[in-house]
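Engineer: Build me a model from this:
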Amino acid sequence: MKGNLMADINDLRRKRKAAADKMGATADALSALNDTGEASQDDLSAAQAEFDAAQAEFKKHDAAVKRAEEVEAAQAASAAPSEPSTPVQGAAASAPAQVQEPGLRFGAMLRTLAAAGGDMNRARDIAEANGQSGLFTANQNATIGGAGGVFVAEDISDEVIELLRPRTVVMASGVIAVPMPSGNLTQNRRKTGGNFGYGEENADIGKTGYTYGQMKLSAKKLSGLIPISNDLLSFSSTAVDRMVRDDALDDAGVAMDLNFLRSKGTNSSPLGLRWQLDGTPFEATNVLTMTAAPDLQKVDNDLGALELALSNGNIPILGAVWFLSPRTANFLRNLRDGNGNKAYPEMADGKLRNKPYFETTQIPDNLGDGGDESEIMLVHPKHVVVGETNGINIAMSSEAAYRDENGDLQSAFSRDETLMRMIMQHDIGLRHLAALAVMQGVTWGA
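Structural biologist: Have a look, this model is predicted:
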């Protein structure tokens, strides 16, 4: 029964592909007629009718494929365990038809693409032979070489992005993630609030007093290369899929934090939170400097000054979070008063002055003229917006070269590796500049 169903699905997919090609051809013909400017209305109507018919045919076949895939998924979910079938030539050993752990389908997708040498059609054959036909969908690019990569299916991409969020302290803090389908987002940024007051009955209400700036986000491309051993990729297992998935997510999370927190911002990289206040009126009020010769009282006062900066901007500090370097966090955890009591015992529960804190190595400890300074950020995450677009794009190559951590050029082919390239696009901004305060020149623990 399963074999017949698989054959039916493949036939339906081929019909859908043919209908999509026909739809594209009729669309091109209609555009060509429009471009001439000389086509009669009858010719244009006939071309439009051909396109409409092709579109209707595609929708019919697309609906049939989706129904068949839903039936296949339901049967696989309810089937009793059975012996794995023999995979097609070049495929890895059989894998479970339905992987429940989030993100494992992403790892299986990468491994299958690598086994197929980057060929999408062959990858589909391998996935179907292993009972994972849902890994690759018809709207994904047909080849890696021709289109520069394969867009991960939306449902798999959503799983991966959700798993990525806790791996980056910025995303884990509760910032607002919004889609940017066109790659750009412009939103009014509130500078001052409304003026409320009491007045006499029937008297005119005063003007609201709102003033605005603008927050402009544009998609910045985050890309990375991950070499994976071909020996590892030759095995089909949950452990391998999990390892491939986690390597990609961990590396991407580090790069996102580095840029979201401290990137100076260019046409190709985001403007990190640290520099969002530069050149604005809030630079004078919300970018502070550590008090010299720190002791317990001065440390407490400095932390309080960051809180006051947010409060003066009418930002509720209880919703704010701290970003610290590990050195700074370690200093505060070990700081004691004159009686030997810990100054901030709540840090054992992940809070500092009743607000969550996140420590990350992406806030350095070697800043300043002396090379021993760090920074502390206090930000309300509900005023931080991360725009995301285009999901995830991946490409595979067993022949490309890459540079290792020492800058030496390595060949994936000679090292028997497959090189994975992953691309994501996003940007970060502040809806309200007063929601961020920065303490610079921090030498605590140096």
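Engineer: Verify the stated contact: Ile176 with Glu388.
Structural biologist: No. Applying C-beta atoms under 8 Å, one finds Ile176 not in contact with Glu388, separated by 10.9 Å. Bear in mind the C-beta positions are built from the backbone N, C-alpha and C, glycine included.
Engineer: These two: who's more crowded?
Structural biologist: Neighbours per residue, other C-beta atoms under 10 Å: of Ile176 and Glu388, the larger number sits with Glu388, 19 against 12.
Engineer: Look up phi and psi at Leu324.
Structural biologist: Per-residue torsions, Leu324: phi -130, psi 160 (degrees, to the nearest 10).
Engineer: since we're on it, how many residues are nearby?
Structural biologist: Here the number of neighbours of Leu324 (other C-beta under 10 Å) works out to 25.
Engineer: Kindly report the same for Ser263.
Structural biologist: For Ser263, the neighbour count with other C-beta under 10 Å is 19.
Engineer: Ok, the one 4 residues further on next?
Structural biologist: Burial measure for Asn267: 6 neighbouring residues, criterion other C-beta under 10 Å.
Engineer: tell me the SS of it?
Structural biologist: Here Asn267 takes the coil state, with states given by DSSP: H, G, I helix; E, B strand; the rest coil.
Engineer: What of Ile423?
Structural biologist: Judged by three-state DSSP, the three-state class of Ile423 is strand.
Engineer: correct me, but it touches Lys221?
Structural biologist: Yes. The criterion here is C-beta under 8 Å, and Ile423 meets it with Lys221 at 6.0 Å.
Engineer: More neighbours: these two, which one.
Structural biologist: The residue with more neighbours, out of Ile423 and Lys221, is Ile423; 18 against 13, by other C-beta under 10 Å.
Engineer: what stretches of the chain score poorly on pLDDT?
Structural biologist: 1-10, 72-100, 133-134, 137-149, 190-197, 202-212, 235-236 (pLDDT under 70).
Engineer: okay, which residue is most central for it?
Structural biologist: Nearest to the geometric centre of the chain sits Ile161, at 5.0 Å (C-alpha atoms, centre = their mean).
Engineer: I'd like the next helix or strand past the strand or helix carrying that residue.
Structural biologist: Assigned by DSSP states H and E, Ile161 belongs to helix 154-164. For helix 154-164, the following helix or strand on the C-terminal side (DSSP H and E) is helix 169-172.
Engineer: what's the offset of that next one from the middle of its chain?
Structural biologist: Put simply, helix 169-172 sits 11 Å off its chain's centre (C-alpha atoms, centre = their mean, to the nearest Å).
Engineer: now swap in stretch 221-240 and tell me
Structural biologist: 19 Å.
Engineer: Repeat that for stretch 63-71.
Structural biologist: With C-alpha atoms, centre = their mean as the basis, stretch 63-71 stands 29 Å off its chain's centre.
Engineer: do stretch 15-34 as well
Structural biologist: Its chain's average C-alpha position is 34 Å from that of stretch 15-34, according to C-alpha atoms, centre = their mean.
Engineer: do stretch 379-392 as well
Structural biologist: For stretch 379-392, the distance to the chain centre is 9 Å (C-alpha atoms, centre = their mean).
Engineer: which residues touch Gly224?
Structural biologist: For Gly224, the contacting residues are Ala248, Asp251, Ala252, Ala255, Arg421, Met422, by C-beta atoms under 8 Å, 6 or more residues apart in numbering.
Engineer: Repeat the analysis, applying 6 Å as the threshold.
Structural biologist: With contacts defined as C-beta atoms under 6 Å, 6 or more residues apart in numbering, Gly224 is in contact with Asp251, Met422.
Engineer: Could you check how far it is from Gly183?
Structural biologist: With distances taken as C-beta to C-beta, to the nearest Å, Gly224 is found 20 Å from Gly183.
Engineer: just Ser311 next, same as before
Structural biologist: Remark: distance between Ser311 and Gly183 (C-beta to C-beta) = 36 Å.
Engineer: just Lys216 next, same as before
Structural biologist: As judged by C-beta to C-beta, Lys216 and Gly183 stand 12 Å apart.
Engineer: And the strands in the stretch 301-446 of the chain, which stretches?
Structural biologist: Remark: strands assigned in the stretch 301-446 of the chain by DSSP state E, counting those that start in this stretch are 321-324, 351-352, 355-359, 374-379, 384-397, 401-403, 409-411, 417-430, 436-442.
Engineer: Which among those is found nearest to Leu135?
Structural biologist: Each of the strands of the stretch 301-446 of the chain was scored for nearness to Leu135 using C-beta to C-beta, and the closest is strand 384-397 (12.1 Å).
Engineer: partner strands of that closest one, parallel or antiparallel?
Structural biologist: Paired strands of strand 384-397, with direction, are strand 150-151 (antiparallel), strand 176-179 (parallel), strand 417-430 (antiparallel) (DSSP bridges).
Engineer: highest average neighbour count across those?
Structural biologist: strand 417-430 (a mean of 22; mean count of other C-beta atoms under 10 Å).
Engineer: Only C-alpha atoms, please: export that one in CSV.
Structural biologist: C-alpha atoms of strand 417-430 as CSV (Å, rounded to 0.1, in the frame of the first residue of the first chain):
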residue,chain,number,x,y,z
GLU,A,417,34.4,16.9,4.0
THR,A,418,31.2,18.4,2.8
LEU,A,419,31.0,22.2,3.2
MET,A,420,27.6,23.6,4.2
ARG,A,421,26.8,27.3,3.6
MET,A,422,23.8,28.7,5.5
ILE,A,423,22.4,32.2,4.9
MET,A,424,19.8,34.1,7.0
GLN,A,425,18.7,37.7,6.6
HIS,A,426,17.6,40.1,9.3
ASP,A,427,18.1,43.5,11.0
ILE,A,428,17.6,45.0,14.5
GLY,A,429,16.3,48.3,15.7
LEU,A,430,14.8,50.2,18.7
